[in-house]
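> got a structure for you, letters missing:
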């Protein structure tokens, strides 16, 4: 016993292990962020395809105004994402506020609704394509993109709403009714303000998921171009417009970062705020 | 009493949840301006009755439900001129203190300057004048209770319903709020309907008490009537009569009944509704604090000879010290009795006789 206490340290006690955590963390983070950083640097470099930074220029950003092939796909993607977000928010609110109040069946309903989260995008894309185009013979376009994106985005919206709706104290609705509010007013004055963080966060997630969607879009787009599909086509085509992808991606990245930031802030800061009020 | 003196009237109200009868044919009323307490243990149906009065639940069956002379049996909560103070307060966490109090006025489209002034005035009355803009989460339990009270009072409802409003408060605060509620009741002169499981609260604050058990009103009377003359076994037990003995009627002399328990005769006041027949089974109930014990040979004066007293032989079994008093448990020919002794009783082993006033003994129908 004496010798074990004073003898040389066991390998698991070596001080190097304390450094392993931060080091592997740094490695992982660089793996994630270096390509993005590289993309940003290249977007202001004269020859992005050469793979070497500099000389620095804003030429490619200016070029975006000249070569406007990206505008239509962007508009498609934007309005598509907007519609998906709006409808997801409404549906998620309606279902999300109902599920916690169900006497039974809440869990199975939630499971069935959230299941599309687990189904690979390719499967949903292929399945919907075969069903809508081949089986039913519909002409695909924005509407089928909307349907596919909605199936994908809605569960995330619902999750965001459920986070707040399970915390919602329905006795407050009794109090509001008692003070003279009818059903409509109870919903808008009490429920919506207390659920709004989750609803908005859910909407923002839905927007981003639709805006970034590519796996399902490939199957469901018909003749409509969305921005991610357009960018992929440009990136892989070696055409003269390739340098444009760099600035365009940077802009999308920044816009997405802001949206995600707002969503998280609403969801978690707001949730904490509400929790402290109990 | 004139019907128009009734602020609400309920006739034959029943409420069922599936197979459970929460209320079974309840009829009652409140007189305008009175402090009426609905007293009962949990599951007695008292809260259900309050929710039905508030309109938060619709009755399964009712012959008549009028509020201030108007039939409200099918009117939802938001269209009734009543307001509830909930045990859980039900304050809106996204609104400030003054916004909570303003809520009902805002719903009633009162202009914002007017409603702000009204709300501030009401918050002053409940001593929260310095907390107008405070966040609900920053308030203590007692303060939340006051906000909830102000939020209801500001609407000047015909009836203020209070659902165990002091249940979540500690003892000291509860006493404070009791006198505060009585003060507010006097100041506003509106009808208070107060639901509680605490006989102490009911006795202290009410003009009248409805005692409920298993979805029915078992007794309706003033605090004193219910405390001194419980009319059934449940009421006697609920109002804290520790000594309850079963016997049969031996003789009837006006309202004074003598009951036989084996060889022993116990005399008391009849508190049931219909006068009893001889040899009908009855219950004798009396409070432990009314019992006195005396030592052997201390003279018959305090015991057997006194016509105003019931008296019986006893043997001490157990003595429990409770700070302000002792609870002494005696074995007697009519079964174990409990005496609450306020003064140091001396040597309890020498005590051979228990006595208590006949006027403080109630005889009840056995049910």
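Structure's in. What do you need? A quick note: this is a predicted structure, and the numbers were derived from the prediction, not measured. Residues are numbered from 1 along each chain as shown, chains lettered A, B, ... in the order given.

> where's residue B:283 relative to residue A:33, distance?
The gap separating residue B:283 from residue A:33 is 83 Å, by CB to CB, to the nearest Å. (Each C-beta comes from the backbone N, C-alpha and C, glycine too.)

> same drill for those two, tell me which one is more crowded.
Higher neighbour count among residue B:283 and residue A:33: residue B:283, with 24 against 10, using other CB atoms under 10 Å in any protein chain shown.

> show the pLDDT at that one.
At residue B:283, the pLDDT value in this model is 92.

> contacts for the one helix or strand it maps to, please.
Counting by DSSP states H and E, the element that carries residue B:283 is strand B:281-286. Under the contact criterion CB atoms under 8 Å, 6 or more residues apart in numbering or on different chains, strand B:281-286 has outside partners B:230, B:233, B:236, B:241, B:243-249, B:257, B:259, B:261, B:266, B:268, B:276, B:310, B:356, B:360-366.

> of those residues, buried ones?
Buried subset of the contacts of strand B:281-286 (neighbour count, 16 or more other CB atoms under 10 Å in any protein chain shown): B:230, B:233, B:236, B:241, B:243, B:245, B:247, B:249, B:257, B:259, B:261, B:266, B:268, B:276, B:310, B:356, B:360-366.

> and the lowest-mean-pLDDT helix or strand in chain B, how far out from the chain middle?
The weakest-scoring helix or strand in chain B, judged by mean pLDDT, DSSP states H and E, is strand B:292-295 (a mean of 85). Centroid separation for strand B:292-295 versus its chain: 33 Å, with CA atoms, centre = their mean, to the nearest Å.

> mind listing what's buried in it?
For strand B:292-295, burial by neighbour count (16+ other CB under 10 Å) applies to B:292-295.

> which residues touch residue 180?
Here I'm looking at chain A. By CB under 8 Å, 6+ apart, the contact set of residue A:180 is B:78-79, B:104, B:107-108, B:155.

> um, chain B though
Residue B:180 is in contact with residue B:126, counting by CB under 8 Å, 6+ apart.

> hey, where'd the helices end up in the stretch 101-250 of chain A?
A:106-114, A:121-129, A:142-165, A:171-178, A:183-186, A:192-212, A:215-220, A:227-237, A:242-264 (DSSP state H, counting those that start in this stretch).

> tally of neighbours for residue 67?
With no chain named, the answer covers chain A. Residue neighbour count, defined by other CB under 10 Å, stands at 12 for residue A:67.

> hmm, no, I was thinking of chain B.
For residue B:67, using other CB under 10 Å, the count is 23.

> just the pLDDT at residue 192, thanks.
By default, I'm working from chain A. pLDDT, read off for residue A:192, is 94.

> that's the wrong chain, I wanted chain B
96.

> which positions in the stretch 151-300 of chain B make contact with chain A?
The stretch 151-300 of chain B comes close to chain A at residues B:151-152, B:155, as judged by CB under 8 Å from any CB of the partner chain.

> which ones among the buried ones among the contacts of strand B:281-286 map onto helices?
The helices, defined by DSSP state H, take in B:233, B:236 from these.

> quick check: mean pLDDT across the helix or strand that contains residue B:122?
Applying DSSP H and E as the criterion places residue B:122 in helix B:112-125. Here helix B:112-125 scores 94 as its mean pLDDT.

> how about it and chain A, any contact?
No: counting by CB under 8 Å from any CB, chain A is not contacted by helix B:112-125; separation bottoms out at 12.4 Å.

> helices or strands next to that helix in the packing?
Helices and strands touching helix B:112-125, by 3 or more CB pairs under 8 Å, 6 or more residues apart in numbering or on different chains; DSSP states H and E, are helix B:97-107, helix B:141-153.
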